[in-house]
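*Asks:* Sequence first, then the predicted structure, then my questions.
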Amino acid sequence: MAAYYARAVFDFHGEGETELTIFENEELTIVNPDAGDGWVEAVNQNGDQGLIPASYIEYNEDAYVEQDTFGQDNYQNLPSGGDPKYSGEWSDSDSEQTTTNTTGTRGASFSVDTEGGGGHTTRSHTIKKSMNRFTPYVKSGAEDFIMGKDKEQIADTDLITIISPDNIRLEWGASTQISVKITDPIKKQKFRGMKSFMSYYITPISTNLTVERRYKQFDWFHERLTEKFPCMIIPPLPEKAVVGKYQQDFVEQRREKLELWLNRIGRHPVIAHCDVTNHFLTCQDEKDGWKEGKRKAESDKTSRVGFFMTIQCDAPLPDALRSEREVASFNGFTKKMEANLDKVVRHNDEYFHKMAGPLKQMYSKYGSLFKELGEVFETCPLPESKSLTTAVMSTGKTYAEIADVYEAQPQYDAHVLNESVREYLGMLGSVPDMLHVHKGASQKVKDYTNREGEKDSEEEQNISLRYSTISAAVMAEVTHFHTQRNKDFNIMMREFLSSQLEFHSKICTKLQAALAQYPE
């Protein structure tokens, strides 16, 4: 059985029996590189085994070892150059015949002949490019950009501006936001009813023109954004459903979440106005027009390395010390935020359970007991006892109603809060990839600066300048994240507290009405 060696690039605190806790720089063995939904199965040096997010690790630049039946070591490279999930479509060029690796902590130097030899292994001590080609850093195009391999000409209309209004923080240039409504999800069929799918009708408020989209088109749109903007936090789509995807409740929840997702995209000053977003939101020709726009987006020269070339900073570029300090601070901030929001979700789950369980039962019990007491009082023949009997019976009914209020309340506060918190947890899950791009760029600059031999001072200066450009993009995205977070959490907390006040006010009103039946 093959095992892939990797290193943790972020801390991850596993939950439950299936997840594995790992720490930054910890050496790991990956026994299942594709456990599904962006997870891998890993073993740490203590022999503990479990699931971890794939984006939290970096595959090592050495071979994995597989014991054959004769007990000899078969050295092989990581499939397709690093990440076992992908095929060779990410290879550097069609003309390269070999891919070379260097000695790591666990293996010897080697190269793999990819031309006709079926995996013939030969020894080598040269290096052309890192084997670890599938890290977010290299997939982003940042490595090619840092090394000046960008040759495409960028039109002025494609330039993305970074500004600094206060001469301190960097942010994306201002632009108008886009708001959309998603309505009338409808089940459709094709192939004479053999295949069913849901269609959603999207209407941008600014145009009032409606387009029809399937979930698979949302998925395609998300992939394009992730590929095009490697230094931006692209929120994940709502998950697919395996069963029950045509049930009314699920369809409505999916509609709400897709609308929330699209409006999040529409609030980003850059993403909201890019060509692929415009195509997704405005193309009404479902056949030829969609296909033409799709092909254009998939061959977009401003994706990956082209994205970094589009950046125009109208403010002083940050130096290495400042950018590394601010990125490290953001990394620590988001880790703590993610840990706290995980606790909020778990506490809300407990709140659901208690409100619908023990607390409802407690108030229901009061209702039953007071009702029974009133029934006992009814047996008293004295006329002056009647008003007290009525009041006690009414109090029993009041507590039964309060029990129902407790059961229903979580859908108005905890559920709403959880939905918003889970959206942010999804975005926080995208942060490591963005930070990995910056970390890889920083390391590339350090490797070049510290390498032995004669250095080209002009090239070194250009590499440093390109690194500062990447840093500026990351820092602008950090500013956008915090700006939106401030607005979102202000709204979230106001809605949560308002719902709590309404809840307690409703109970107080019922209790006051019950109390009024008992004269002083």
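*Replies:* Yes, it's here.
*Asks:* Now for Y351: which residues touch it?
*Replies:* 410, 414 (Cβ atoms under 8 Å, 6 or more residues apart in numbering). Using the backbone N, CA and C atoms, a C-beta is placed for each residue, glycine as well.
*Asks:* Tell me which residues of the helix or strand where it lies come out buried.
*Replies:* Element membership for Y351 (DSSP states H and E) is helix 320-356. By 16 or more other Cβ atoms under 10 Å, the buried positions in helix 320-356 come out as 323, 326-327, 330-331, 334-335, 338, 341, 344, 348, 351-352, 355-356.
*Asks:* One more: stretch 471-483?
*Replies:* Buried-residue list, stretch 471-483, by 16+ other Cβ under 10 Å: 471-481.
*Asks:* got the contact list for that stretch?
*Replies:* 162, 169-172, 231-233, 268-269, 308, 311, 313, 315, 317-318, 320, 323, 326-327, 330, 427, 434-435, 437-438, 441.
*Asks:* Would you mind checking the residues you listed for buried ones?
*Replies:* Applying 16+ other Cβ under 10 Å to the contacts of stretch 471-483 flags 162, 169-172, 231-233, 268-269, 308, 311, 313, 315, 317-318, 323, 326-327, 330, 427, 434-435, 437-438, 441 as buried.
*Asks:* Okay, and which of those map to strands?
*Replies:* Secondary structure assignment by DSSP state E places 162, 171-172, 311, 313 of these in strands.
*Asks:* re earlier: quick one: mean pLDDT for the helix holding Y351?
*Replies:* What helix 320-356 shows for mean pLDDT is 95.
*Asks:* what angle do the lengthiest helix in the chain and helix 320-356 make?
*Replies:* Across the chain, the longest stretch assigned as helix under DSSP state H is helix 457-515. Inter-element angle recorded for helix 457-515 and helix 320-356: 20 degrees (by axes from the mean of the first three to the mean of the last three Cα atoms, to 10 degrees).
*Asks:* ok so, going back, for the ones in strands among the buried ones among the contacts of stretch 471-483, could you give me a markdown table that also reports distance to L388?
*Replies:* Formatted as a markdown table, those follow (distance: Cβ to Cβ, whole Å):
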| residue | distance to L388 |
| --- | --- |
| I162 | 75 |
| E171 | 68 |
| W172 | 69 |
| I311 | 78 |
| C313 | 79 |
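*Asks:* okay, among the residues you listed, which ones form the most distant pair?
*Replies:* E171 and I311 (12.8 Å; Cβ to Cβ).
*Asks:* which regions of this protein lie under the pLDDT threshold?
*Replies:* 1-2, 37, 61-135, 138, 151, 191-193, 241-245 (pLDDT under 70).
*Asks:* ok, which stretches of the stretch 251-400 of the chain are helices?
*Replies:* 275-282, 288-298, 305-309, 320-356, 358-378, 386-408 (DSSP state H, counting those that start in this stretch).
*Asks:* Let me know which of the ones you listed is the nearest to E152.
*Replies:* Nearest to E152, of the helices of the stretch 251-400 of the chain and by Cβ to Cβ, is helix 305-309 at 5.8 Å.
*Asks:* Give me the buried stretch members for the closest one, please.
*Replies:* Those would be 305-309, for helix 305-309 by 16+ other Cβ under 10 Å.
*Asks:* Can you show me the strands along the stretch 151-300 of the chain?
*Replies:* 160-163, 171-172, 180-190, 195-204, 211-214 (DSSP state E, counting those that start in this stretch).
*Asks:* Identify, out of those strands, the most deeply packed stretch.
*Replies:* strand 171-172 (a mean of 21; mean count of other Cβ atoms under 10 Å).
*Asks:* mind listing what that strand pairs with, with the direction of each?
*Replies:* Strand 171-172 has the following strand partners under DSSP bridges: strand 160-163 (antiparallel).
*Asks:* Show residues contacting the strand it pairs with.
*Replies:* 170-174, 270, 307, 310-315, 472-473, 476.
*Asks:* next one: stretch 288-298
*Replies:* Contacts of stretch 288-298 (Cβ under 8 Å, 6+ apart): 220, 224, 275-276, 279, 283.
*Asks:* List the beta-bridge partners for the residue lying closest to K190 once chain neighbours are set aside.
*Replies:* Once flanking residues are discounted, K190 sits nearest to F197: 7.6 Å by Cβ to Cβ, 6 or more residues apart in numbering. Per DSSP bridges, the residues bridged to F197 are K188.
*Asks:* where's F197 relative to E298, distance?
*Replies:* Relative to E298, F197 is positioned 22 Å away (Cβ to Cβ, to the nearest Å).
*Asks:* before we move on, what about K195?
*Replies:* 24 Å.
*Asks:* swap in H279?
*Replies:* Taken as Cβ to Cβ, the span from H279 to E298 is 11 Å.
*Asks:* Over to R267?
*Replies:* With Cβ to Cβ as the criterion, R267 and E298 are 25 Å apart.
*Asks:* neighbour-wise, which of those two wins?
*Replies:* The residue with more neighbours, out of R267 and E298, is R267; 17 against 13, by other Cβ atoms under 10 Å.
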